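Undergrad: Quick one, structure for this:
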Amino acid sequence: MSKMQLLKSLSKTQSSSHLLNFILVLSSVCLTYLLASVLLVHNSKPPLHIYSSSQDAYAPTTVEHIVFGIASNQNSWPKRKDYVKLWWKPRQMRGCVFLETMPPNATSKEDNATLPPICISEDTSRFRYTYRGGLRSAIRVARVVLETVALNHSNVRWYVFGDDDTVFFPENLAKTLSKYDHQLWYYIGAGSEIYEQSRIFGFGMAFGGAGFAISYPLAKALAKVFDSCIQRYPHLYGSDSRVYSCLTELGVGLTREPGFHQFDVRGNTFGLLAAHPMTPLLSLHHLDKMDPIFPNMTTIKAMEHLLHAANVDSERILQQTVCYDRWFSWTISISWGYAVQVYNKHIYLPDVLPVQETFQQWKKGNVLAGVYTFNTREIHPDPCQRPTVFFMDSISSSRNGINSVYKKSYENCTLDMGSPRKLEEIRVFTKKLELSYNQMQAPRRHCCEVLPSSSGQLLDIAIRECKKDELIYMHA
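TA: A predicted model of the protein is given here:
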């Protein structure tokens, strides 16, 4: 072999060797990358708390995911169990009514079929109570939280607590709680309507009568430390103060949901009901202290009437919509499923929305006793100068939508051709309200418009979603 041929042969061998080495190195890198990827995927765990705005992470919360703890006593339960019957659905709901002892005739067949089971509270004599003039039963009621968790129900996302005179709206409760990741620590509720009550007991406390919700993992953590925690608070007045204090020690603050209503007011609650916040109605409280919410009805019958509307369209109940009649220059405020008010003049929307002070303050006292935690406006002393009120009379649903009918509440007032008092009936047409996750997070008031009517005593109104840039305002 010549020298030239030898050099060429060596050159080819070296080139092949370099190519082989390159392929081997590249293969090693790829193999290493692949192994590392597999190990990372295998060893990494998904985040503990995943929540998708589209609810893809898990199914939405339903009533079946909630366990209720209702505080009562042997004296009030026979009278107030009818309030619980209004909203309790035995086949769907779980929970207990907690009493200190079993009342006589507490286990009739009718009650067993329409009410939650009765649980007898544990003895609390070992706990001190030092609040002068208070009721030591506050300790027993506070421990309803612990004892409800101890029932060990399965597939629980939320625990909800309230009193025997708290009326819940369960579907709205489930829908509202669906906004939140139940795997996180949440304490959800609302304060009092009275500034002074909140100042004394805490603006960060959920008032127990309004009802409040605690997520499953937080409730489990709270139950473990609750008895040792309340030993430090013998000086507190109520049960909700003890729950609040122990949750504070766990480092958890209140998430406010204004659909919970403590209703620390007396008498005629029309003003509050007719100006509900833009959020689903979750609860009403203190029914014994308020007048029946519909005229010519008992308190129970009036609540049944409201719940009838809620059963047709739960998410729309009490939602306030305002529109303007151009022909007569009327302002029309609809509290769906409850009442329609017609003012005989145009009023700016921000002036319509404040709560009318139809009610009496909770306690007589200093000036703060009559200061509320929301904007209010006085009602005119002359009933004939107030808006004409139409209360919900009937409601029907079909494939085409929902038709609610409101009849005039009688006032002996003179009227002219342009007065809304000539009206006898208002019909309101809607589609069933089914709020999306985004609409729950960023609510927007709906719009309404006056429709042509066949009679001068009839007013037809349609409620709909507002258009993208639509304003609710007085038309010139």
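Undergrad: This structure: helices as residue ranges?
TA: 3-43, 77-87, 109-114, 137-142, 144-149, 170-177, 195-201, 216-230, 239-249, 270-273, 299-312, 349-352, 437-441 (DSSP state H).
Undergrad: Kindly reformat the ones you listed as CSV containing distance to L368.
TA: (Each C-beta comes from the backbone N, C-alpha and C, glycine too.) Output for the helices of the chain, formatted as CSV (distance: least, C-beta to C-beta, whole Å):
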stretch, distance to L368
helix 3-43, 59
helix 77-87, 30
helix 109-114, 42
helix 137-142, 24
helix 144-149, 30
helix 170-177, 30
helix 195-201, 4
helix 216-230, 29
helix 239-249, 19
helix 270-273, 19
helix 299-312, 29
helix 349-352, 25
helix 437-441, 34
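Undergrad: Out of these, which gets nearest to T376?
TA: Closest of the helices of the chain to T376 is helix 270-273, at 7.6 Å (criterion: C-beta to C-beta).
Undergrad: Which neighbouring elements make contact with that closest one?
TA: On a contact count with 3 or more C-beta pairs under 8 Å, 6 or more residues apart in numbering; DSSP states H and E, helix 270-273 meets strand 355-356, strand 359-361.
Undergrad: Go ahead and name everything in contact with the last one.
TA: Outside strand 359-361, the residues within contact range by C-beta atoms under 8 Å, 6 or more residues apart in numbering are 194, 265-272, 290, 369-370.
Undergrad: Let me have the helices of the chain in CSV, extended by mean pLDDT, mean neighbour count and distance to E122.
TA: Shown next, in CSV, are the helices of the chain (pLDDT from 0 to 100; neighbours: other C-beta atoms under 10 Å; distance: least, C-beta to C-beta, whole Å):
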stretch, mean pLDDT, mean neighbour count, distance to E122
helix 3-43, 46, 10, 45
helix 77-87, 96, 18, 18
helix 109-114, 80, 12, 23
helix 137-142, 98, 22, 8
helix 144-149, 98, 23, 6
helix 170-177, 98, 22, 27
helix 195-201, 91, 17, 25
helix 216-230, 98, 18, 10
helix 239-249, 98, 22, 14
helix 270-273, 97, 22, 37
helix 299-312, 98, 17, 32
helix 349-352, 97, 13, 51
helix 437-441, 94, 13, 38
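Undergrad: quick one, which of these is nearest to K408?
TA: Nearest to K408, of those and by C-beta to C-beta, is helix 270-273 at 14.7 Å.
Undergrad: chain center to that closest one, what's the gap?
TA: In terms of C-alpha atoms, centre = their mean, to the nearest Å, the centre of helix 270-273 is set 17 Å apart from its chain centre.
Undergrad: again with stretch 92-103
TA: Distance, stretch centre to chain centre, for stretch 92-103: 23 Å (C-alpha atoms, centre = their mean).
Undergrad: Single out the most deeply packed of the helices and strands packed on helix 270-273.
TA: strand 355-356 (a mean of 20; mean count of other C-beta atoms under 10 Å).
Undergrad: so where's the protein shaky on pLDDT?
TA: Scanning the chain for pLDDT under 70 picks out 1-58, 106-108, 476.
Undergrad: Please verify my assumption that E193 contacts Q262.
TA: Yes. If you go by C-beta atoms under 8 Å, E193 and Q262 touch, sitting 6.3 Å apart.
Undergrad: So which of the two has more stuff around it?
TA: Neighbours per residue, other C-beta atoms under 10 Å: of E193 and Q262, the larger number sits with Q262, 26 against 23.
Undergrad: How about the contacts made by the more buried one?
TA: 190-193, 207, 209-210, 285-286.
Undergrad: how about those residues in TSV, adding distance to R256?
TA: Formatted as TSV, the contacts of Q262 follow (distance: C-beta to C-beta, whole Å):
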residue	distance to R256
A190	6
G191	8
S192	12
E193	13
F207	11
G209	16
A210	11
H285	16
H286	19
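Undergrad: ok so, going back, just give me the closest of the contacts of strand 359-361 to T299.
TA: Nearest member of the contacts of strand 359-361 to T299, counting by C-beta to C-beta, is M290, at 7.6 Å.
Undergrad: any idea which of the contacts of strand 359-361 is closest to H235?
TA: I194 (22.0 Å).
Undergrad: How about exporting stretch 103-120 as CSV, limited to the C-alpha atoms?
TA: Only the C-alpha atoms of stretch 103-120 are listed here, as CSV (Å, rounded to 0.1, in the frame of the first residue of the first chain):
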residue,chain,number,x,y,z
PRO,A,103,-88.0,17.6,74.3
PRO,A,104,-91.2,15.7,74.7
ASN,A,105,-92.9,14.5,71.5
ALA,A,106,-89.8,15.4,69.5
THR,A,107,-89.8,12.3,67.3
SER,A,108,-93.1,12.3,65.5
LYS,A,109,-93.3,10.6,62.1
GLU,A,110,-94.0,14.0,60.5
ASP,A,111,-90.9,15.5,62.1
ASN,A,112,-88.7,12.6,61.1
ALA,A,113,-89.8,13.0,57.5
THR,A,114,-89.4,16.8,57.3
LEU,A,115,-86.7,17.8,59.8
PRO,A,116,-83.0,17.1,60.4
PRO,A,117,-82.3,14.5,63.2
ILE,A,118,-81.8,15.7,66.7
CYS,A,119,-78.4,15.4,68.4
ILE,A,120,-78.0,15.9,72.1
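Undergrad: out of the helices of the chain, nearest to K407?
TA: When the helices of the chain are compared (using C-beta to C-beta), the closest one is helix 299-312, at 12.2 Å.
Undergrad: can you list contacts of the closest one?
TA: Residues contacting helix 299-312 (C-beta under 8 Å, 6+ apart): 82-83, 86-87, 167, 169, 171-172, 281, 284, 287-288, 290, 292-294, 297, 317, 336-338, 392, 395, 397, 402, 404, 432.
Undergrad: could you flag which of these are buried?
TA: 82-83, 86-87, 167, 169, 171-172, 281, 284, 287, 290, 292-294, 317, 336-338, 392, 395, 402, 404 (16 or more other C-beta atoms under 10 Å).
Undergrad: now E425, which residues is it bridged with?
TA: E425 has these beta-bridge partners by DSSP bridges: K407, L458.
Undergrad: mind starting the numbering at 739 from now?
TA: From this message on, residue numbering opens at 739, which makes the last subject E1163.
Undergrad: Was I right to think Q1079 contacts V1060?
TA: No. Between Q1079 and V1060 no contact is recorded; they are 9.5 Å apart, counting by C-beta under 8 Å.
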